[in-house]
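Q: Starting from these lines, generate the structure:
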Amino acid sequence: MAGIKSTMDLVMERAARMGVATLDEMRHEENLKKGMQCTAEFLNAAKPSLLALLNEQEPAQQASIRKGMLASLLRNLFLPRDEGGTKRLERAVQGIIELNRNSSDISALCQELHTIASQYTQHRTQLYEQLKEQMRMQIEQILMRKGMKTDSVKIDPTMEPQFKDQWTRLEMDLDRQYSQALEQIKNQLQEWTEA
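A: Residues are numbered from 1 along each chain as shown. From the prediction side, this is the model:
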């Protein structure tokens, strides 16, 4: 039995032979992953508080775990396209604020990010509905020119290839505009949370 080595011993020996990582570096990596796993539980609403999860960890590991949590939270800041995306973004913002509860600057930046995401969602919905109405009117005009009554026909312009092409272009332009603002805030948050 004394000849059987644990997985960690084998990994450490291999790392030593390769000269890749020290024991501290490997523990740091493990703690980063642990922080990311804790964040996943938090974002999926399985856990109510990231701070409580962090406080459950050994004090010596908390800095690395917190860093992993923040990295994962920052990756979850995106432009939401549906209600599920909006909830995930709000949860990520909540986690960043919670882990930096003593920083009014980070809180203000998170509020700005939330405003941008909300404006994006409203702008996206508005553009979609405008395009839909514009295409519906065009289809009605074509049908009327052909002598068809539009009252009895249910028109769904979203099924038209032309609608899909135009929507794709509009959405790409909108995403490009809002993504720039979002990236600036994410970069600033990353700077401030690492400090």
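Q: residues in contact with stretch 181-192?
A: By C-beta atoms under 8 Å, 6 or more residues apart in numbering, the surrounding residues in contact with stretch 181-192 are 74, 77-79, 96, 100, 103, 105-106, 109-110, 112-113, 116-117. To be clear about C-beta, it is placed using only N, CA and C from the backbone, and glycine gets the same treatment.
Q: just the buried members of those?
A: Listed as buried from these are 74, 77, 79, 96, 100, 103, 106, 109-110, 113, 116-117; burial here means 16 or more other C-beta atoms under 10 Å.
Q: Format the residues you listed as TSV; extra columns: distance to residue 146, pLDDT and secondary structure.
A: Output for the buried ones among the contacts of stretch 181-192, formatted as TSV (distance: C-beta to C-beta, whole Å; pLDDT from 0 to 100; DSSP: H, G, I helix; E, B strand; the rest coil):
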residue	distance to residue 146	pLDDT	secondary structure
74	55	95	helix
77	49	95	coil
79	41	95	coil
96	57	95	helix
100	62	93	coil
103	64	90	coil
106	60	94	helix
109	56	95	helix
110	54	95	helix
113	50	95	helix
116	45	95	helix
117	44	95	helix
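Q: Redo those as a markdown table? Include distance to residue 88.
A: Conversion of the buried ones among the contacts of stretch 181-192 to a markdown table gives the following (distance: C-beta to C-beta, whole Å):
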| residue | distance to residue 88 |
| --- | --- |
| 74 | 13 |
| 77 | 10 |
| 79 | 12 |
| 96 | 13 |
| 100 | 19 |
| 103 | 22 |
| 106 | 19 |
| 109 | 18 |
| 110 | 14 |
| 113 | 13 |
| 116 | 16 |
| 117 | 11 |
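Q: Perfect, that will be all.
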